[in-house]
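J.: Curious how this folds, go ahead:
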Amino acid sequence: MKDDRLLEMRVFKAVVEAGGFTAAANFLNVSQPFVSQSINSLERRLGVQLLHRSTRTQRLTSEGERFLMSCGQVLDSVEEAEAQVRSGEPTGNLRISASHAFGMDQLVPALPRFLAAYPKLCVHFSLSDSNVNLIEDNFDVAVRMGRLQDSSLRSRKLCDLQRVVVAAPQYVAAHGKPVTPQGLSRHACLTWESPREHLNQWPFMLNGQIEKVAVHGNFRSTDGTTLFQLCVAGVGIMRLAEHLALPAIRAGKLVPLLAEYQAKDDTAIHAVYLPERQVVPRIRAFIDYFVDTFREPPWHAQ
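T.: Residues are numbered from 1 along each chain as shown. From the prediction side, this is the model:
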């Protein structure tokens, strides 16, 4: 039995990306009636309207938007499967999401060598301190810090995550150092806005066990890079990830505080991806590369 579903997906995707039926026909080197027939057949089979049409233009319906995303994933998978058989090396589009601070500080400097190693990959790299939805936001891999919340995703640990309490020398000169964790109540602490407000509960070792101290200040943000820059500028005290804290301490930009009370974090930095039965080569290549990159974390180097 003839199955035109992939062909109809390609035609639909071309109409959207080219901006019209005639432009799609030219791009695909087919007739305009063939494009129209393919879209009509697709909509009849699905039982929904994918495009609002007018004499001048067309736009996606909400069903069309969802179907377009699925089409992209299906067609990418087909191209990936064929390319792997032909060449045996990772190829195609690789869509990555990461947090601002860790992405800019650690992933971006390592990307040139990754791109050189896999020249047939096209990497789409996005930075956000929000947890993206891999399916809805169309990402292959997300690099996440802390405890994983979504148990439906597969994950692989890249490295451990440890945070330390720090402040700039000019802040300490102006306001002094807290002697105990409770003393933080008299200091300006740089804090996170929702949805990361849980990071404003700082854990410390007190009387042989971990206790959390709620901190407050006059500046909050959803962006870790912003908090880090204000900490270096002397605005307040921050509990900062080691990949930023240790190089800044060695450079004299920050000083550690309350080190005798520091609690060991039980969190990590993970690469998360969808639970496919077999990890496609482009995703495996990315994860293997960064597992190797962070086997000896660069921020531990003296």
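
J.: going forward, measure contacts between C-alpha atoms and count neighbours the same way
T.: Noted.

J.: So which residues of the protein form strands?
T.: 51-53, 58-60, 92-98, 121-127, 141-146, 154-161, 163-167, 190-192, 201-206, 209-214, 219-221, 238-241, 255-256, 267-273 (DSSP state E).

J.: and the ones you listed as CSV, adding mean neighbour count, mean pLDDT and distance to A81?
T.: Output for the strands of the chain, formatted as CSV (neighbours: other CA atoms under 10 Å; pLDDT from 0 to 100; distance: least, CA to CA, whole Å):
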stretch, mean neighbour count, mean pLDDT, distance to A81
strand 51-53, 14, 87, 29
strand 58-60, 16, 85, 29
strand 92-98, 21, 93, 10
strand 121-127, 15, 94, 14
strand 141-146, 22, 90, 18
strand 154-161, 18, 91, 21
strand 163-167, 23, 97, 41
strand 190-192, 23, 96, 42
strand 201-206, 18, 94, 46
strand 209-214, 14, 94, 49
strand 219-221, 16, 95, 42
strand 238-241, 23, 96, 39
strand 255-256, 19, 98, 50
strand 267-273, 21, 91, 18
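
J.: out of those, nearest to F34?
T.: Closest of those to F34 is strand 51-53, at 16.4 Å (criterion: CA to CA).

J.: Just send the strands of the chain back as CSV, with distance to R44 too.
T.: CSV is the format used below for those (distance: least, CA to CA, whole Å):
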stretch, distance to R44
strand 51-53, 12
strand 58-60, 16
strand 92-98, 31
strand 121-127, 34
strand 141-146, 34
strand 154-161, 36
strand 163-167, 56
strand 190-192, 49
strand 201-206, 55
strand 209-214, 58
strand 219-221, 48
strand 238-241, 54
strand 255-256, 65
strand 267-273, 34
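
J.: Which of those sits closest to T180?
T.: In terms of CA to CA, the element of the strands of the chain nearest to T180 is strand 201-206, at 9.6 Å.

J.: any idea of the angle the closest one forms with strand 163-167?
T.: On the basis of axes from the mean of the first three to the mean of the last three CA atoms, to 10 degrees, strand 201-206 is oriented at 100 degrees to strand 163-167.

J.: please begin residue numbering at 82 from this point
T.: Let's use 82 as the start, then, which means that last one is strand 282-287.

J.: which other helices and strands contact strand 282-287?
T.: Helices and strands touching strand 282-287, by 3 or more CA pairs under 8 Å, 6 or more residues apart in numbering; DSSP states H and E, are strand 290-295.

J.: chain center to the strand it packs on, what's the gap?
T.: Here strand 290-295 is found 29 Å from its chain centre; the criterion is CA atoms, centre = their mean, to the nearest Å.

J.: which residues are contacting it?
T.: Under the criterion CA atoms under 8 Å, 6 or more residues apart in numbering, residues P262, Q263, N281, Q282, W283, P284, F285, M286, A344 lie in contact with strand 290-295.

J.: Pick the one among the residues you listed closest to F309.
T.: Nearest to F309 out of these is N281 (CA to CA; 14.4 Å).

J.: show me the contacts for the closest one.
T.: Contacts of N281 by CA under 8 Å, 6+ apart are T272, W273, A295, V296, H297.

J.: I'd like the distance between the last one and I318.
T.: Between H297 and I318 the distance is 10 Å, computed by CA to CA, to the nearest Å.

J.: list residues touching both of those two?
T.: H268, A269, C270, L271.

J.: can I assume the first one is in contact with G317?
T.: Yes: at 7.5 Å, H268 and G317 qualify as touching, with contact defined as CA atoms under 8 Å.

J.: ok, those two, which is more surrounded?
T.: Remark: of H268 and G317, G317 carries more neighbours, 25 against 18, as counted by other CA atoms under 10 Å.

J.: Would you confirm that that one contacts C270?
T.: Yes: using CA under 8 Å, G317 is in contact with C270, at 5.1 Å.

J.: quick one: common contacting residues for the two?
T.: Counting by CA under 8 Å, 6+ apart, the shared contacts of G317 and C270 are G298.

J.: I'd like to know how far the nearest residue to R244 once chain neighbours are set aside sits from P328.
T.: In space, and not counting its chain neighbours, R244 is closest to A322: 4.2 Å by CA to CA, 6 or more residues apart in numbering. Counting by CA to CA, the gap from A322 to P328 is 11 Å.

J.: what's the answer for R126, then?
T.: In this structure, R126 and P328 are 59 Å apart, going by CA to CA.

J.: And H297, by the same measure?
T.: 26 Å.

J.: R134 too?
T.: Taking CA to CA, one finds R134 at 57 Å from P328.

J.: Now distance to P114 too, for the shared contacts of H297 and I318, in JSON lines please.
T.: Output for these, formatted as JSON lines (distance: CA to CA, whole Å):
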{"residue": "H268", "distance to P114": "71"}
{"residue": "A269", "distance to P114": "67"}
{"residue": "C270", "distance to P114": "65"}
{"residue": "L271", "distance to P114": "61"}
